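J.: Fold the following for me, if possible:
(one chain, ligands or ions: 1)
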Amino acid sequence: MSDKKEAGKLFPPTEELKKMSLVGGPEGYKKMYEESIRDPPAFWEKMSDNLDWFSKDWDSVFNWDKESGHFTWFKGGKLNVSYNCLDRHVLNGKKNQAAIIWEGDDPNETRVLTYGELLTEVEKFANVLKSKGVQKGDRVSVYLPMIPELAITLLACTRIGAIHSVVFSAFSAEALFNRIDDCASKLLVTTDGGYRGGKKVDIKGNANEALEKCPTVKDVIVVRRTGADVYMEEGRDTWWHDEMEKAPKKCEPEKMDAEDPLFILYTSGSTGKPKGVLHTTGGYLLQTQLSFQYVFNYRPGEVYWCTADVGWITGHSYIVYGPLSAGATTLMFEGVPNYPGLDRFWDVAEKWKVDIFYTAPTAVRMMRKTGEQWPKMHDLSSIRLLGSVGEPIDPEAWLWYHDVIGGGRCPIVDTWWQTETGSIMIAPLPGVTTLKPGCATNPMFGIEPLVCLEDRTVCKPGEDGRLFIKKPWPSQARTIWGDHQRYMDTYWNVIPGHYFTGDGGRMDADGDIWILGRVDDVISVAGHRIGAAEVEAAFLTHPAVAEAAVVPVPDEIKGEAIYTFVTLKDGYSESEDLRKALINQVRKEVGPIATPKTVQFTTGLPKTRSGKIMRRILRKIAGGGMHEDLGDVSTLAEPEVVDVLIKGRIL
Ligand code: PRX
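T.: Sure thing, here's the model as predicted:
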């Protein structure tokens, strides 16, 4: 979390950066921002010229029925996402420019796909999907690691108007099953396996297990990556390379309405069931493209590298759609930062002469811990801009990133946004914003943040509150798949007409926004969103568990880690073996990213008289708090449980 004193140090833009700014420096930004807030539809209509439309005959740029929470941007306008990401660049002389630079887990394995080549692959795979009967509006689930076929699959879906739903490849069979089942996908694209840090990982095994319970999936296309001997079901599973060999080379892009669904991406919320966040076509693409250009101040010819996985929103918006729509060269990395050596990131950055490097604070903290000698082994002078995303970056990590990786010369864009917002909402702009370590600073065009107390009063400068955004913007998620009421209750009914972010925030005296972390039961482990309720539900699938309560604890590298309090059913007693079995159960149910750091067995949990678990108290206990730090515990049904928990705490 950012330091209350605001870390003191300021980094104003240099004159050189101001000259390079795509928005005309601080004055240009101010003028454009004011225009965007005065009349957002007029602003976005002007901006819509950045995309190629088959038809711009929208009824109205923006329509909002506040009561139902339905809103539209550019409805009636027609476009195609793959056309905007590929064809138009090929037609504009970029056929031979690298679209995707792919660097494998093994440094000797690389692949460069030009815009021309990527278009051909996408058209072919779109034809494969069609040959399997996939039609506009059908759901296609994607369970692939960071290989080019992942980007090809997404773009192929958009070419024919199928809705993709990517499931992070390290999620478990159960998590995959839930995500396929919820949106009733017709087809799954997966692989025989993947590579991570030199080791083979099984992916098809998980897919097979999930598919046993997924009757809607009629076809499975399998990319051969590791050559592992995998079970292929007759009549259902076919190999990617066999299908591609047969596929015709040309596939006309489908004319999609701006409001047609583009993709679903599941994310964690405060109940056990993940939310299928739905994004639509026109507004999403427009805002991801523009934010990509402005936040990274992207200039033609530059190599841009975002280290996220396409299994998360960052990869969707800022590895695939934003950069490709802008005609950029995007680097896609299959590996991990510490293989084959601790200098891997810097080896890749030097090898491909990366200009823009965008990563997560957890990676920065890890690099800081392992030491300067690793980046110092490489020439990083090509880097001119650094980015951070996924969690608050503490000022110390920020300063290290700035000095050691950026050589003191590169601005850092600390970008705040979410799966639901689709694109970057609050971030400094290079050549515009005075940087403050740990601060997300300014809203993007068309975005009006508001910090309020629980009673809805607007916070004074410097006062901590909850972060809202006034009114819908083009790349905002339209609904939760199959549960519009949950969408309304989670985001729009907290303060009617305002979007509730779930984050704490503070506006300082300069009007800059500081993000203070989640205020709900969402835990951010290494920048990955994990619902406390999802992990609790996983514990409960073990026969020994009567009750489980999951809370975050601060972690030096991962930002937050998972601490669990477990009560056992009668007939079971605590043991190291049981602890291990419970941890494995969570890994199996949710995936390794949700591995609990600590499991504390207990005989009871602090509850209100109505039976609600008091997580506020558990958070403090897990974090090392003593009885006197816990506030009023007299309203608990059994106040004495608190001392038992403190005594049994595992630090
Ligand atoms: O708590 C905020 C944190 O990540 C949450 C969104 O997670 P997700 O939907 O998985 O998207 C992550 C990548 C965009 C937010 O509610 N978060 C994201 N970026 C920042 C951040 N917290 C502080 N500073 C950021 N720059």
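J.: What is the burial count for the nearest residue to Asn442 once chain neighbours are set aside?
T.: Nearest residue to Asn442, sequence neighbours excluded (Cβ to Cβ, 6 or more residues apart in numbering): Thr433, at 5.6 Å. (C-beta placed from N, C-alpha, C; glycine too.) By other Cβ atoms under 10 Å, the residues close to Thr433 number 23.
J.: Find the helix or strand that Thr433 is a member of.
T.: Secondary structure from DSSP states H and E places Thr433 outside every helix and strand.
J.: Likewise for Ile523?
T.: strand 522-525.
J.: Who are the packing partners of the helix or strand following that strand?
T.: Later in the chain than strand 522-525, the nearest helix or strand by DSSP H and E is strand 528-531. Strand 528-531 sits against strand 522-525, with contacts defined as 3 or more Cβ pairs under 8 Å, 6 or more residues apart in numbering; DSSP states H and E.
J.: picking up where we left off before, please state the backbone phi and psi of the residue nearest to Asn442?
T.: phi -100, psi 140 (degrees, to the nearest 10).
J.: now swap in Thr307 and tell me
T.: phi -90, psi 0.
J.: Point me to the residue of the stretch 351-500 of the chain nearest the ligand.
T.: Thr419 (3.4 Å; Cβ to the nearest ligand atom).
J.: What distance do you get for the residue positioned nearest the centre of the chain to Ala637?
T.: Centroid-nearest residue in the chain, with Cα atoms, centre = their mean: Ile313, separated by 3.2 Å. According to Cβ to Cβ, to the nearest Å, Ile313 stands 40 Å off from Ala637.
J.: picking up where we left off before, pull out the buried positions in the strand holding Ile523.
T.: Val522, Ile523, Ser524, Val525 (16 or more other Cβ atoms under 10 Å).
J.: what's the span of stretch 502-518, first residue to last?
T.: 6 Å (Cα to Cα, to the nearest Å).
J.: what does the host helix or strand of Phe125 rub up against?
T.: Using DSSP H and E, Phe125 sits within helix 115-131. For helix 115-131, contacts defined as Cβ atoms under 8 Å, 6 or more residues apart in numbering pick out 82, 86-87, 89-90, 94-97, 99-100, 113, 140, 148, 151-153, 155-157, 159-160, 162, 187, 221, 243-244, 246-251, 327.
J.: In strands, which of those residues fall?
T.: Judged by DSSP state E, the contacts of helix 115-131 include Ala99, Ile100, Leu113, Val140, Leu187, Ile221 as members of strands.
J.: Bridge partners for the fifth one, pull those for me.
T.: Bridge pairing for Leu187 (DSSP bridges) gives the partners Val140, Asp219.
J.: Ramachandran coordinates for the residue nearest to the centre of the chain?
T.: Torsion angles, degrees, to the nearest 10, at Ile313: phi -60, psi -30.
J.: Arg518 too?
T.: Given degrees, to the nearest 10, the pair of backbone angles that Arg518 has is phi -70, psi 150.
J.: Would you confirm that it contacts Gly504?
T.: Yes - with contacts counted by Cβ atoms under 8 Å, Arg518 reaches Gly504, the gap being 7.4 Å.
J.: what pLDDT does Lys5 get?
T.: pLDDT for Lys5: 43.
J.: and His498, what does it touch?
T.: Leu450, Phe468, Ile469, Lys470, Lys471, Trp492.
J.: Neighbouring strands - and their directions - for the helix or strand harbouring Gly194?
T.: Gly194 is part of strand 193-196, with elements assigned from DSSP H and E. If you go by DSSP bridges, strand 193-196 pairs up with strand 199-202 (antiparallel).
J.: So for the partner strand, mean pLDDT?
T.: On average, strand 199-202 scores 96.
J.: now stretch 630-647
T.: 88.
J.: That one spans what distance, first to last residue?
T.: The first-to-last residue distance of stretch 630-647 comes to 14 Å (Cα to Cα).
J.: gap between that stretch and the chain center?
T.: 37 Å (Cα atoms, centre = their mean, to the nearest Å).
J.: quick one: buried residues of that stretch?
T.: Leu630, Val633, Leu636, Val641, Val642, Leu645, Ile646.
J.: how about the nearest residue to the fourth one, chain neighbours excluded?
T.: What sits nearest to Val641 in space, not counting adjacent residues and going by Cβ to Cβ, 6+ apart, is Gly604, at 4.3 Å.
J.: And that neighbour, how close does it get to the ligand?
T.: 31 Å (Cβ to the nearest ligand atom, to the nearest Å).
J.: Surely that residue is within a helix?
T.: No - looking at Gly604 with DSSP: H, G, I helix; E, B strand; the rest coil, it is coil, so not inside a helix.
J.: isn't it right next to Leu636, touching?
T.: No - using Cβ under 8 Å as the test, Gly604 is too far from Leu636 to be in contact (9.9 Å).
J.: what's the helix or strand containing Glu35 packed up against?
T.: Here Glu35 is covered by helix 25-38, with elements defined by DSSP H and E. Contact partners of helix 25-38 among helices and strands, from 3+ Cβ pairs under 8 Å, 6+ apart: helix 15-20, helix 40-47.
J.: Need the winner for burial among the ones you listed.
T.: Ranked by mean neighbour count under mean count of other Cβ atoms under 10 Å, those are led by helix 40-47, which reaches a mean of 17.
J.: And stretch 213-229, what's buried?
T.: Those would be Cys214, Val217, Asp219, Val220, Ile221, Val222, Val223, Arg225, Thr226, Ala228, for stretch 213-229 by 16+ other Cβ under 10 Å.
J.: so the fourth one sits right up against Tyr231, yeah?
T.: Read it as Val220. No - the pair Val220 / Tyr231 is not scored as a contact, 10.9 Å apart, by Cβ under 8 Å.
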